[in-house]
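S.K.: Just need the structure, nothing else, for what follows:
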Amino acid sequence: MEIYYYGNKVYQLSYALPIYQKLGGTFVVNSFKKYLDFKRIFKNNNNKPSFFNHFKFTTFLNTPPVKIIKPEKHWKLNGTIIYCCNRLDLNSVYKGKTIYLEHGISDKPVGIDDVPSSIERLNKYDVILLSSPKNRIKYLESSNEIPESKFKKIGFFKFEQYQKLYELRDKELKRLKIKDTSRKNILYAPTWKFGNGTFEKYGKKFAKEISKEFNLIIRLHSNEMKLAKEFKKWLKNNSIENVYLSNSKDVINADTLNDFAISDLMIGDMSSVVYEFLVTKKPVIIAKHDYQKIVKMPDNMNIMKNASIYDDETNNIVDLIKENLLKPTYDVERIYENCFYNSIDDPIEIIAGLLNKK
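M.R.: Model prediction:
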């Protein structure tokens, strides 16, 4: 039976790439624009030895196969659909299984503005994959109607790539064209406006201050990469060096893990990447934000209760970075172990088994 991977945005599909690499399948997007985005990003990658070398069929621009099908038409697909965003159609009767794989483990609630359909969708999936116990807490807070039998622990299988990338970090330094490799690298990865991202508030301030002593890597949310061009122009006009923008839309060559591999500390806000960065066992600083709709998590799974909080009214960001590089304010390894299912053997095989079950 065929496997399909659906995402509203191309970056969401990156969370399904480890499954595609081993099991194959077809990606699905909802518009011609997203189709072109997919083709541009994945161009000539289907036969790369490090990615998809065992899928030798030919497609336009040599990408993994991709189709344009809107969610309300997904019922026509004869196979299993893995949703990397919560967009299952409530009115459809599907021919195969529907599986939910959330793109990340943020503390944002299910859905936007408490739309009831988002919660109803959770109840309809055949299987809900859990990267983290945080996922389970969030889903059960949204709906107490989800039976435990729908949950399947798989861990965060993208982490398998981290060690390989860490060993090739010289390549990542060259990708970003970092000039002074003797400096520590600070990664700033704000979320977008939906999560009250902090880039507009702190982007220029961090560039001015942090770049004096460190390299600053800025990873904008994929939805806000349109801001990069003007920001680069501002950097040039103000003669600010040692600031580098990573292209978050390029999920092949500039995935979050690629940036993690060369970063010594991360500054984040409400993006789930603050939790993903824990795989590095390096410190995180949270930039104070105004986002209020946060799912309550146990303290030992809540980065806000553990990491240093940067507030521009009371802190100096450079001093805070130095303090955390010397000694993080929390046990980095312990919170990593608390936030992820890390002892799952061969999660892709678990997923393959789910596909074969009726």
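S.K.: Let me see the ranges of the helices in the stretch 201-350 of the chain.
M.R.: Counting by DSSP state H, counting those that start in this stretch, the stretch 201-350 of the chain has helices at residues 228-237, 256-260, 273-276, 317-326, 332-339, 347-356.
S.K.: For the most centrally placed residue in the chain, grab phi and psi.
M.R.: Centroid-nearest residue in the chain, with C-alpha atoms, centre = their mean: Gly104, separated by 5.1 Å. Backbone dihedrals for Gly104, given as degrees, to the nearest 10, come out at phi 110, psi -180.
S.K.: Numbering from 440 from now on, please.
M.R.: Okay, using 440 as the starting number, the last item reads as Gly543.
S.K.: domains in this structure, as residue ranges please.
M.R.: By the assignment in automatic domain parsing, the chain contains the domains 441-595+781-795, 599-778.
S.K.: what pLDDT, on average, does the last one get?
M.R.: Across domain 599-778, pLDDT averages out at 91.
S.K.: Endpoint to endpoint, that domain covers what distance?
M.R.: One end of domain 599-778 to the other measures 16 Å (C-alpha to C-alpha, to the nearest Å).
S.K.: One more: the first one?
M.R.: When the termini of domain 441-595+781-795 are compared using C-alpha to C-alpha, they are 11 Å apart.
S.K.: does Leu579 really touch Lys589, like I thought?
M.R.: No - using C-beta atoms under 8 Å, Leu579 is not in contact with Lys589; the gap is 10.9 Å. The way it works is simple: take the backbone N, C-alpha and C, and place the C-beta from them, glycine included.
S.K.: still on that earlier bit, quick one, what contacts the residue nearest to the centre of the chain?
M.R.: Counting by C-beta atoms under 8 Å, 6 or more residues apart in numbering, Gly543 touches Tyr454, Ser710, Ser711, Val712, Tyr714, Glu715.
S.K.: Now a ChimeraX select for only the buried ones of those residues.
M.R.: To isolate the buried ones among the contacts of Gly543 in ChimeraX, judged by 16 or more other C-beta atoms under 10 Å, type:
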select :454,710,711,712,714,715
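S.K.: Among the contacts of Gly543, which one sits closest to Ser747?
M.R.: Here the nearest of the contacts of Gly543 to Ser747, counting by C-beta to C-beta, is Tyr714; it sits at 15.8 Å.
S.K.: Which residues are in contact with Ser661?
M.R.: Residues near Ser661 by C-beta under 8 Å, 6+ apart: Lys448, Val449, Tyr450, Ser687, Lys688.
S.K.: go with 10 Å
M.R.: Shown in contact with Ser661 (C-beta atoms under 10 Å, 6 or more residues apart in numbering): Lys448, Val449, Tyr450, Gln451, Ser453, Asp476, Trp631, Asn686, Ser687, Lys688, Asp689, Val690.
S.K.: which among those residues end up buried?
M.R.: Buried members of the contacts of Ser661, scored by 16+ other C-beta under 10 Å, are Lys448, Val449, Tyr450, Gln451, Ser453, Asp476, Trp631, Asn686, Ser687, Lys688, Asp689, Val690.
S.K.: would you turn the residues you listed into JSON lines with distance to Glu511?
M.R.: Formatted as JSON lines, those follow (distance: C-beta to C-beta, whole Å):
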{"residue": "Lys448", "distance to Glu511": "18"}
{"residue": "Val449", "distance to Glu511": "20"}
{"residue": "Tyr450", "distance to Glu511": "23"}
{"residue": "Gln451", "distance to Glu511": "18"}
{"residue": "Ser453", "distance to Glu511": "25"}
{"residue": "Asp476", "distance to Glu511": "21"}
{"residue": "Trp631", "distance to Glu511": "26"}
{"residue": "Asn686", "distance to Glu511": "32"}
{"residue": "Ser687", "distance to Glu511": "29"}
{"residue": "Lys688", "distance to Glu511": "26"}
{"residue": "Asp689", "distance to Glu511": "30"}
{"residue": "Val690", "distance to Glu511": "26"}
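S.K.: where do the helices sit along the stretch 490-639 of the chain?
M.R.: Assigned by DSSP H, counting those that start in this stretch, the helices in the stretch 490-639 of the chain fall at 555-563, 572-581, 601-606, 608-614, 638-649.
S.K.: wouldn't Lys597 be in contact with Ile544 here?
M.R.: No - counting by C-beta atoms under 10 Å, Lys597 does not reach Ile544; the two are 11.3 Å apart.
S.K.: which one of the two has more residues nearby?
M.R.: Ile544 (21 against 18; other C-beta atoms under 10 Å).
S.K.: those strands in the stretch 590-739 of the chain, which residues are they?
M.R.: All strands of the stretch 590-739 of the chain, identified by DSSP state E, counting those that start in this stretch, fall at 590-592, 624-628, 654-657, 682-684, 704-707, 723-726.
S.K.: Paired strands for the last one, with orientation please.
M.R.: Strand partners for strand 723-726, identified by DSSP bridges, are recorded as strand 704-707 (parallel), strand 747-749 (parallel).
S.K.: Out of these, which is the most enclosed?
M.R.: Ranked by mean neighbour count under mean count of other C-beta atoms under 10 Å, those are led by strand 704-707, which reaches a mean of 26.
S.K.: Just give me how far it sits from the chain centre.
M.R.: Taking C-alpha atoms, centre = their mean, to the nearest Å, one finds strand 704-707 lying 14 Å from the centre of the chain it belongs to.
S.K.: do stretch 602-620 as well
M.R.: A distance of 20 Å separates the centroid of the chain from that of stretch 602-620, by C-alpha atoms, centre = their mean.
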